[in-house]
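Trainee: Build me a model:
(one chain, ligands or ions: 1)
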Amino acid sequence: MNDIAFDKQHIWHPYTSIIKPLPVYKVKKAKGCKLFLDNNKILIDGMSSWWCVIHGYNNDHINNALKQQINKVSHVMFGGLTHGPAIELTKKLINILPKGLEHIFFADSGSVSVEAAMKMALQYWQAKGKTKKKKFVTIKKGYHGDTIGAMSVCDPITGMHSLFKDVLIKNIFLSSPGCKFGQCSQKKDVEETEKVLKEKHGAIAAFILEPIVQGAGGMKIYSSEYLKNVRKLCTKYNVLLIADEIATGFGRTGKMFACDHAGISPDIMCIGKSLTGGYLTLAAVAVSKKVAHGVSRKDMPFMHGPTFMASPLACTAANASIELLEKNNWKKHVSDIEKTLIKELDECKSFKNVKDVRVIGALGVVQMKKNVDVADFQKQCVKRGVWIRPFMDLIYLMPPYVISKKELLTLTRALKDIIRLE
Ligand SMILES: Cc1ncc(COP(=O)(O)O)c(C=O)c1O
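Mentor: Now for the predicted structure:
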């Protein structure tokens, strides 16, 4: 049995059935923006391995930092022990995070950081004696992860978890904001938000949302004005604001964090994915002093502690990745990618099968009128030497920031060629 046949029979890949899985392609190595397949095909990566690999693969600076750290200590428990990489990373994060987020709780994946953030909000109100504040408000078309708590705030239909709707905590869903990025907040969106917060704030612990870009729940890009209003309303009605920046953090939308488009600071922020430049799994919950001290009232411990939290290797990769961001003028790279995406994808608006085209920073989305056949689309991609993975009716590009113009044009042109055939 060859490797692909073995894989097909025994390994469960994300969002697939074990009986009839989607095809997989075997990668033997990767460098920069190129994936080298076992069959000697070379693919230009348009996905950054799901928002993560912002500096490209096999980066010398991150490799060297990890090699040095591996000779010191790879992993050590965080209960009762600490280490240099975590301390250095915390200093670096406090320096770049929106103002006021000054306490860091490390987690081992994005979903787990969302669970921890939700638990913090609940524990905050419990410590204040407001035990009825137990619900979460969110906007439709959101995605926050695959664990039970996170699923309860994902869009009930597009958020991939409709199978579990009967077992999830019933939270409150507002309409996804109708106003596009760059437009003023629609009155209707703000009024609906205010009405719910006004009527139900006594039962609401926190408002959780992905700032500016809603990712895996629909790839929508909404107005920074709406986000500003959400911040104001949460303060007015005594509801905590959790910003899920797991996908948007570290420059993807053209600002270091998407909250920076609105100039707001949430009470709690989740970060992950590109935190380590896509090298190792690490996430973090950044918390304001008000919430951190509120949770810890009367010396209450925060009841969470993943085994691999703040792994020294993962923190080392994160430190090296942030150093690269500081050194490499990421803003210019992201802005150049944005200009090319706007110019190149604009043509898709004239295609009969395309519903919408949206671009922000180093993210370009083409929404089709019908769902895309993923297996067939990827076969066409591999034939053309590119790697793109659509979902539902959405085909999107989010390349590493270091992509060359030539590589980016290969991606956009392959995408358009395939769409023309659809
Ligand atoms: C906005 C957002 N939140 C949470 C998650 C979950 O992160 P992880 O896959 O690391 O658990 C994702 C993953 O796609 C995400 O995009």
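
Trainee: Poorly predicted segments of this structure, please.
Mentor: 159-160 (pLDDT under 70).

Trainee: how is it carved up into domains?
Mentor: Taking automatic domain parsing as the criterion, the chain consists of the domains 3-55+334-421, 64-327.

Trainee: end to end, how far does the first one reach?
Mentor: End-to-end span of domain 3-55+334-421 (C-alpha to C-alpha, to the nearest Å): 31 Å.

Trainee: ok, the residue in the chain positioned nearest to the ligand to Lys135 distance?
Mentor: Taking C-beta to the nearest ligand atom, the ligand has its nearest neighbour within the chain at Gly110, 2.2 Å off. Using the backbone N, CA and C atoms, a C-beta is placed for each residue, glycine as well. Distance check for Gly110 against Lys135: by C-beta to C-beta, to the nearest Å, it reads 22 Å.

Trainee: So the two - more neighbours on which side?
Mentor: Legend: neighbour count by other C-beta atoms under 10 Å for Gly110 and Lys135, higher for Gly110 (27 against 19).

Trainee: right, and that one touches Thr147 too?
Mentor: No. Gly110 lies out of contact with Thr147 (C-beta atoms under 8 Å); the separation is 9.6 Å.

Trainee: can you map out the helices along the stretch 51-200 of the chain?
Mentor: 60-70, 84-96, 110-127, 148-151, 187-200 (DSSP state H, counting those that start in this stretch).

Trainee: most tightly surrounded among the ones you listed?
Mentor: helix 110-127 (a mean of 24; mean count of other C-beta atoms under 10 Å).

Trainee: Could you name the helices and strands sitting against that helix?
Mentor: In this structure, helix 110-127 makes packing contacts with strand 101-107, helix 148-151, strand 204-209, strand 240-244, strand 268-271, strand 283-288, helix 289-295, judged by 3 or more C-beta pairs under 8 Å, 6 or more residues apart in numbering; DSSP states H and E.

Trainee: For those, give me JSON lines that also has distance to the ligand.
Mentor: Putting the helices and strands packed on helix 110-127 into JSON lines (distance: least, C-beta to the nearest ligand atom, whole Å) gives the following:
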{"stretch": "strand 101-107", "distance to the ligand": "9"}
{"stretch": "helix 148-151", "distance to the ligand": "6"}
{"stretch": "strand 204-209", "distance to the ligand": "9"}
{"stretch": "strand 240-244", "distance to the ligand": "5"}
{"stretch": "strand 268-271", "distance to the ligand": "7"}
{"stretch": "strand 283-288", "distance to the ligand": "6"}
{"stretch": "helix 289-295", "distance to the ligand": "19"}
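
Trainee: who's in contact with the residue of the chain closest to the ligand?
Mentor: Gly145, Ile246, Cys270, Gly272, Lys273, Ala283 (C-beta atoms under 8 Å, 6 or more residues apart in numbering).

Trainee: Leu275 now?
Mentor: Contact analysis of Leu275 by C-beta under 8 Å, 6+ apart lists Gly249, Phe250, Leu282, Ala283, Ala284, Ala318, Ser321.

Trainee: cool, Thr90 as well?
Mentor: If you count contacts by C-beta under 8 Å, 6+ apart, then Thr90 has Ile104 around it.

Trainee: Just confirm His333 is within a helix.
Mentor: Yes. Per DSSP: H, G, I helix; E, B strand; the rest coil, His333 lies within a helix segment.

Trainee: Nearest spatial neighbour of it, chain-adjacent residues omitted?
Mentor: The shortest distance from His333 to any non-neighbouring residue, by C-beta to C-beta, 6 or more residues apart in numbering, is to Tyr401 (4.3 Å).

Trainee: ok, that neighbour touching Lys332?
Mentor: No. Counting by C-beta under 8 Å, Tyr401 does not reach Lys332; the two are 9.4 Å apart.

Trainee: neighbour-wise, which of these two wins?
Mentor: For Tyr401 and Lys332, the more surrounded residue by other C-beta under 10 Å is Tyr401, and the numbers stand at 28 against 10.

Trainee: quick one: the more buried one from Gly278, how far?
Mentor: From Tyr401 to Gly278 the distance is 11 Å (C-beta to C-beta).

Trainee: Spell out which residues are contacts of both of the two.
Mentor: Common neighbours of Tyr401 and Gly278, counting by C-beta under 8 Å, 6+ apart, are Ile54, His55.

Trainee: re the thing from before, put together JSON lines for the contacts of Gly110, with neighbour count on each row.
Mentor: Shown next, in JSON lines, are the contacts of Gly110 (neighbours: other C-beta atoms under 10 Å):
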{"residue": "Gly145", "neighbour count": "25"}
{"residue": "Ile246", "neighbour count": "26"}
{"residue": "Cys270", "neighbour count": "32"}
{"residue": "Gly272", "neighbour count": "28"}
{"residue": "Lys273", "neighbour count": "27"}
{"residue": "Ala283", "neighbour count": "28"}
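
Trainee: Arrange those residues in TSV, one row each, with distance to Ala121 as further columns.
Mentor: Output for those, formatted as TSV (distance: C-beta to C-beta, whole Å):
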residue	distance to Ala121
Gly145	15
Ile246	17
Cys270	12
Gly272	18
Lys273	22
Ala283	17
